[in-house]
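Trainee: what's the 3D shape of this:
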Amino acid sequence: MPTAPSGHQLLFGFNFGSTAEADLPAMAPSIGLVPIGGAAPFEAWWYRGAVEYQRRGGVVVAVCEDFVAAVHQVDDERTVDIREAARQVYDELLDVVDEFGPLTIVRAWNYFSRINQGRGDEERYRQFSVGRAESFEASGLADVQSPPGTAIGGAAGSPFTVVLLASRHPCQLVENPRQMSAFEYPPDYGPRSPKFSRGGVLSLPCGGLFLISGTAAIVGHSSCRTEGIEGQAEETFRNLQSLLLSAGLEPDLSALDAVRVYLRDGADRDAVRPLIEARFGRDTHVTYLQGDICRAELDLEIDGVVFA
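Mentor: Presented below is the predicted three-dimensional model:
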């Protein structure tokens, strides 16, 4: 684990790889994604100030003045019924976060194995989406309040992991005019539409934070089956630029401070990396990870953050 900057404590983090490290805190779960090309095996989200750690049942919580972060992991063998697992995990997470309210859920990260397994509406991602939607509905969270999110398939046997970030400050959710809102998708994509927004602009005392959901080559609600990984990358770049404009920012990808590039096939990094470096610039921290995209026909997804 990297050393904390002076005056900072770990709010939460991600351990990339399939094996947990004994010296890592519970707020930094192993999520079963494989770093590609020497990518750092750990990502830390630091907070300048005091952070208190608590455990509430299966949920680990980090509490500070501005945020509450919550982590819940379930062993892979307990996710045969991923719909039920998702509903239970989200129920528990939302109940715990509510104890520290009033708060707004501003970001969710979801990782679980075999994300594309199953035919039609029985696909694990679609069933996960049903369980998440049922939990949101039970908690009174409206579709238009769905937080920005990422859902990626991890390595075989990796745990089902959900990390929620909630804030005591206002967050303006952002949609992409090039894309239909995910929570409005037609039934072609499952019994319940995916409950996430495309991004969110968080207003903090120290400045703004633009949290960008997992973004792929989707226009309207349809996947763009372009030629090769390069075509998917370019369409994804256009969606990210559109999101920046919707957030009131210049459509310059070099404005992103950090991005994760998820690739279904790690070998595609050689083709994608020159495109990333040309469009994002040298100041953007880029992490390449091997993981399955939630749509089986797509091979690349990017999420990120802008410190405004």
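Trainee: could you pull out the helices for the stretch 201-308 of the chain?
Mentor: 228-246, 269-280 (DSSP state H, counting those that start in this stretch).
Trainee: please work out which of those helices is packed deepest.
Mentor: helix 228-246 (a mean of 19; mean count of other C-beta atoms under 10 Å). All C-beta atoms are positioned from the backbone trio N, CA, C, and that covers glycine.
Trainee: ok, Glu184 to His221 distance?
Mentor: Distance, Glu184 to His221, by C-beta to C-beta, to the nearest Å: 8 Å.
Trainee: please apply the same query to Leu10.
Mentor: 38 Å.
Trainee: the two: who's more crowded?
Mentor: Leu10 (20 against 15; other C-beta atoms under 10 Å).
Trainee: which SSE is that one in?
Mentor: Using DSSP states H and E, the element containing Leu10 is strand 8-15.
Trainee: so which bits of that strand are buried?
Mentor: 9-15 (16 or more other C-beta atoms under 10 Å).
Trainee: just give me the least confident of these.
Mentor: Lowest pLDDT within the buried residues of strand 8-15 is found at Asn15 (92).
Trainee: shouldn't it be in contact with Leu33?
Mentor: No: here Asn15 does not reach Leu33: they are 9.4 Å apart, not a contact under C-beta atoms under 8 Å.
Trainee: leaving out chain neighbours, which residue sits closest to Ile218?
Mentor: Among residues not flanking Ile218 along the chain, Gln179 sits closest, at 5.7 Å (C-beta to C-beta, 6 or more residues apart in numbering).
Trainee: please apply the same query to Ala4.
Mentor: Closest to Ala4 by C-beta to C-beta, 6+ apart is Trp46, at 6.0 Å.
Trainee: so the one you found is in which element?
Mentor: strand 42-48.
Trainee: for that strand, name the packing helices and strands.
Mentor: In terms of contacts (3 or more C-beta pairs under 8 Å, 6 or more residues apart in numbering; DSSP states H and E), strand 42-48 is packed against strand 8-15.
Trainee: low pLDDT regions in the stretch 51-200 of the chain?
Mentor: Regions of the stretch 51-200 of the chain meeting the criterion pLDDT under 70 are absent.
Trainee: tell me where it has strands.
Mentor: Taking DSSP state E, counting those that start in this stretch, the strands of the stretch 51-200 of the chain run over residues 52-56, 59-63, 67-74, 104-113, 149-154, 160-167, 171-174, 199-204.
Trainee: make a markdown table from those strands and add distance to Ile229 and mean neighbour count to it.
Mentor: A markdown table is the format used below for the strands of the stretch 51-200 of the chain (distance: least, C-beta to C-beta, whole Å; neighbours: other C-beta atoms under 10 Å):
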| stretch | distance to Ile229 | mean neighbour count |
| --- | --- | --- |
| strand 52-56 | 40 | 13 |
| strand 59-63 | 36 | 22 |
| strand 67-74 | 31 | 23 |
| strand 104-113 | 22 | 24 |
| strand 149-154 | 16 | 25 |
| strand 160-167 | 26 | 24 |
| strand 171-174 | 26 | 20 |
| strand 199-204 | 23 | 21 |
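Trainee: what is the neighbour count of the residue nearest to Ile218?
Mentor: 19.
Trainee: just to revisit the earlier point, what would the helices of the stretch 201-308 of the chain look like in JSON lines with mean pLDDT?
Mentor: Below are the helices of the stretch 201-308 of the chain laid out as JSON lines (pLDDT from 0 to 100):
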{"stretch": "helix 228-246", "mean pLDDT": "97"}
{"stretch": "helix 269-280", "mean pLDDT": "97"}
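Trainee: let me have these in CSV, extended by distance to Val96.
Mentor: Formatted as CSV, the helices of the stretch 201-308 of the chain follow (distance: least, C-beta to C-beta, whole Å):
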stretch, distance to Val96
helix 228-246, 30
helix 269-280, 36
